[in-house]
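**Student:** Here is the input, now give the coordinates:
(one chain, ligands or ions: 3)
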Amino acid sequence: MSPIIYHDIPSLRAALQPYRGHQIDKQDRQQRIALVPTMGNLHQGHIELVKIAKQHADIIVVSIFVNPTQFGVGEDFDSYPRTLDEDVAKLATVGADYVFAPSVDAMYPVLPPPTTVLAGAISSQLCGQSRPGHFDGVGIVVSKLFNIVQPDVAIFGQKDYQQLAIIKQLVRDLSYPIEIIGAPIIRADDGLALSSRNQYLTESERQVAPILHRELQDLAEQLKGGGISQQAFESLLKDKRTRISDAGFTIDYLEVKTEALGSVVSDSTTFNIENKNIVILVAAWLGRARLLDNQLVVVG
Ligand SMILES: Nc1ncnc2c1ncn2[C@@H]1O[C@H](COP(=O)(O)OP(=O)(O)OP(=O)(O)O)[C@@H](O)[C@H]1O
Ligand SMILES: CC(C)(CO)[C@@H](O)C(=O)[O-]
Ligand code: BAL
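**Tutor:** Ligands and ions are numbered 1, 2, ... in the order given. Model prediction:
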């Protein structure tokens with residue numbers, strides 16, 4: 001069945017109202033609402049988020065909104081692919097109940113909004129460094145979506161690892177009664193993480209793109225034993241940056257962090273990553289596409 005589409009906040013709220021609080025289903029359970037926030041142009045990565053949502057809730061709301069406040073000057077807000085009809089057809093095959101596709105005016109009566117949601121130190125590194133203000137825009141739009149939909153659970157992809165960490169922090173700091181679920185990265189057969197922006201790649205760039213994942217996997221292999229010197233670690237990273245650049249990418253960052261996005265522990269002599277979950281994160285341009293990827297490593 002095709003999901004019902006709403007373009008404004010009051011209509012969506014009215015549609016969801018019957019499911020709240022006291023409403024029960026045939027098994028006498030309370031109905032749970034899941035939110036899957038997206039910017040549309042849906043691919044299998046998004047579809048898997050919806051499938052996960054269905055394991056955790058009864059009513060699935062997918063938001064499709066290209067959020068202007070998270071795009072910087074000169075970024076691709078205007079050209080970002082908007083494919084609502086195709087998106088809704090895909091969502092029908094996977095059993096989403098409601099699509100929330102608001103206009104910019106519906107979401108932002110005043111633009112830029114005078115009220116801000118700032119995520120602090122976690123948001124100023126990595127993507128936040130190359131896209132200043134990006135996570136402030138994500139923070140306000142996700143807060144608004146949480147307030148509008150009031151879901152019990154919300155699903156975000158681990159492809160946007162830093163975003164997921166920021167949203168978990170937002171939920172904790174603003175006391176949202178929402179369970180946040182991180183969904184595994186869905187990849188093409190050759191390893192490239194699926195992403196709407198992959199369609200900016202030319203045919204020949206698309207052949208090169210999986211190298212990013214392969215280099216992360218290779219670095220993960222080399223780090224997983226732990227116990228290497230700081231110098232050896234730095235030289236591994238330097239080598240990886242060179243290999244990725246030589247393949248034709250322009251690197252925004254290639255970094256290794258603790259799972260919580262802190263600095264990996266080191267002392268003056270030894271780079272000590274034993275018994276830690278670490279994550280290798282990369283953002284790199286290939287032609288017009290800025291590709292994101294990451295790889296978790298259990299060390300030791
Ligand atoms: N390959 C993927 N695997 C798992 N989750 C994904 C994947 N791609 C996107 N997502 C998740 O889908 C949600 C919506 O993301 P979004 O609509 O920006 O898609 P996208 O493909 O990441 O687009 P973009 O190319 O603009 O980054 C986010 O939580 C994101 O992490
Ligand atoms: C979470 C999100 C939908 C907010 O606009 C966006 O950042 C995205 O698609 O990852
Ligand atoms: N999923 C990423 C959202 C953005 O690049 O704005």
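
**Student:** Kindly report the residues of the chain close to ligand 2.
**Tutor:** 37, 38, 39, 67, 70, 138, 141, 142, 160, 163 (CB under 6 Å from any ligand atom). No exception for glycine: its C-beta is placed from N, CA and C like everyone else's.

**Student:** does the second one really touch residue 62, like I thought?
**Tutor:** Going back to what we said before, that points to residue 38. Yes - with contacts counted by CB atoms under 8 Å, residue 38 reaches residue 62, the gap being 6.2 Å.

**Student:** quick one: which of these two has more around it?
**Tutor:** For residue 38 versus residue 62, neighbours defined as other CB atoms under 10 Å are more numerous around residue 62 (30 against 24).

**Student:** Now do the same for the more buried one: helix, strand or coil?
**Tutor:** strand (DSSP: H, G, I helix; E, B strand; the rest coil).

**Student:** likewise residue 163?
**Tutor:** Applying three-state DSSP: residue 163 is helix.

**Student:** Neighbours of it, how many?
**Tutor:** So residue 163, with other CB under 10 Å, has 23 neighbours.

**Student:** go on, residue 182?
**Tutor:** 17.

**Student:** one step back: can you add secondary structure and give the residues of the chain next to ligand 2 back as JSON lines?
**Tutor:** Output for the residues of the chain next to ligand 2, formatted as JSON lines (three-state DSSP):
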{"residue": "37", "secondary structure": "strand"}
{"residue": "38", "secondary structure": "strand"}
{"residue": "39", "secondary structure": "coil"}
{"residue": "67", "secondary structure": "coil"}
{"residue": "70", "secondary structure": "helix"}
{"residue": "138", "secondary structure": "helix"}
{"residue": "141", "secondary structure": "helix"}
{"residue": "142", "secondary structure": "helix"}
{"residue": "160", "secondary structure": "helix"}
{"residue": "163", "secondary structure": "helix"}
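
**Student:** Reformat the residues you listed as TSV; add distance to residue 296 and pLDDT.
**Tutor:** Below are the residues of the chain next to ligand 2 laid out as TSV (distance: CB to CB, whole Å; pLDDT from 0 to 100):
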residue	distance to residue 296	pLDDT
37	22	99
38	23	98
39	24	98
67	27	98
70	25	98
138	21	98
141	26	98
142	23	98
160	14	98
163	16	98
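
**Student:** Among the residues you listed, which one lies nearest to residue 120?
**Tutor:** Here the nearest of the residues of the chain next to ligand 2 to residue 120, counting by CB to CB, is residue 138; it sits at 13.3 Å.

**Student:** ok so, going back, what is in contact with residue 38 and residue 62 at once?
**Tutor:** residue 46 (CB atoms under 8 Å, 6 or more residues apart in numbering).

**Student:** Quickly list the domain ranges of this protein.
**Tutor:** 4-183, 196-298 (automatic domain parsing).

**Student:** Now find how far off-centre the helix or strand harbouring residue 54 is within its chain.
**Tutor:** Using DSSP states H and E, residue 54 maps to helix 44-56. Distance of helix 44-56 from the chain centroid (CA atoms, centre = their mean, to the nearest Å) equals 14 Å.

**Student:** Need the residues that contact it.
**Tutor:** 32, 34-36, 38, 60, 62, 90-91, 93-96, 152-153, 155-157, 159, 179, 181, 183-186, 193-195.

**Student:** So residue 254 lies in a helix, does it not?
**Tutor:** No - under three-state DSSP, residue 254 sits outside any helix and is assigned strand.

**Student:** Not counting its neighbours along the chain, what's nearest it?
**Tutor:** Distances taken as CB to CB, 6 or more residues apart in numbering put residue 282 closest to residue 254, at 4.8 Å, once the chain neighbours are dropped.

**Student:** Measure how buried that neighbour is and give me the count.
**Tutor:** 24.

**Student:** now it: how far from residue 231?
**Tutor:** 22 Å (CB to CB, to the nearest Å).

**Student:** Also residue 200?
**Tutor:** Distance from residue 200 to residue 231, by CB to CB: 38 Å.

**Student:** With residue 111 instead?
**Tutor:** Taken as CB to CB, the span from residue 111 to residue 231 is 49 Å.

**Student:** still on that earlier bit, looking at the domains of the chain, which has the lowest confidence?
**Tutor:** Mean pLDDT values for the domains of the chain show the minimum at domain 196-298, a mean of 90.

**Student:** Buried among the contacts of helix 44-56? Make that a ChimeraX selection.
**Tutor:** Restricted to buried positions by 16 or more other CB atoms under 10 Å, the ChimeraX selection for these reads:
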select :32,34,35,36,38,60,62,90,91,94,96,152,153,155,156,157,159,181,183,185,186,193,194,195
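
**Student:** Strands - which of the contacts of helix 44-56 land there?
**Tutor:** Among these, the residues falling in strands (DSSP state E) are 34-36, 38, 60, 62, 153, 155-157, 179, 181, 183.

**Student:** Many thanks, have a good one.
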